[in-house]
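# sequence and predicted model, in that order:
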Amino acid sequence: MDCIFCKIANGEIPATKVYEDDTVIAFNDLEPQAPTHILVIPKMHITSAADITEENSAVIAHIFEVIAKIAKEQNMDDGFRVVNNCGDSAGQTVKHVHFHLMSGRSFTWPAG
């Protein structure tokens, strides 16, 4: 499989890691949209949020536990945003489920 996030998870492509365990890796986004912009991904390849099942949902739950831990470690006490793009029309450019953890600026809704 030619998945850039799988290659990062397997250590084939370097990344500035913020967190790693047996299930999840988190690293700084190369094109940050906020002062702090971290991508949190499962090491297991799951194509998108549309592919979450009973069999892999524990991995996704663990990702959100990791997000809470990173937010505390990174002093995101003032707030943070978690974003997941699912599918082409939603802006998913890498077909490996991932969550953007962003903080350090005010966000607007629905864009920005």
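Yes, it's here.

# and for the longest strand belonging to the chain, what are the contacting residues?
Among all segments of the chain classified by DSSP state E, the strand with the greatest residue count is strand 36-42. Identification of contacts with strand 36-42 by C-beta atoms under 8 Å, 6 or more residues apart in numbering yields 5, 8-9, 18-19, 23-29, 56, 59-60, 63, 66-67, 70, 74, 76, 80, 96-104. Every C-beta, even on glycine, is put in place using the N, C-alpha and C of the backbone.

# can you list the low-confidence ranges for this structure?
Scanning the chain for pLDDT under 70 picks out the ranges 111-112.

# need the strands for it, in chain order.
17-20, 24-28, 36-42, 81-83, 99-103.

# mind giving me the packing neighbours of the second one?
If contacts are counted by 3 or more C-beta pairs under 8 Å, 6 or more residues apart in numbering; DSSP states H and E, strand 24-28 sits against helix 4-9, strand 17-20, strand 36-42, helix 57-73.

# distance from that strand to the middle of the chain?
The chain centre lies 7 Å from the centre of strand 24-28; the measure is C-alpha atoms, centre = their mean, to the nearest Å.

# please save the CA atoms from that strand in PDB.
Taking C-alpha atoms only, strand 24-28 is exported to PDB below (Å, rounded to 0.1, in the frame of the first residue of the first chain):
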ATOM      1  CA  VAL A  24      -1.300   5.700  17.700                       C
ATOM      2  CA  ILE A  25       1.200   8.200  16.500                       C
ATOM      3  CA  ALA A  26       0.900  12.000  16.700                       C
ATOM      4  CA  PHE A  27       3.100  14.400  14.800                       C
ATOM      5  CA  ASN A  28       3.400  18.000  13.800                       C
END
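
# buried ones in that strand?
For strand 24-28, the neighbour count (16 or more other C-beta atoms under 10 Å) marks 24-27 as buried.

# tally up the residues packed near the closest residue to Ala9 other than its chain neighbours, please.
Closest residue in space to Ala9, ignoring its immediate chain neighbours: Lys43 at 4.3 Å, by C-beta to C-beta, 6 or more residues apart in numbering. Burial of Lys43 is recorded as 16 neighbouring residues (other C-beta atoms under 10 Å).

# wait, isn't Lys43 in contact with Gly11?
No: counting by C-beta atoms under 8 Å, Lys43 stays clear of Gly11, with 10.4 Å between them.
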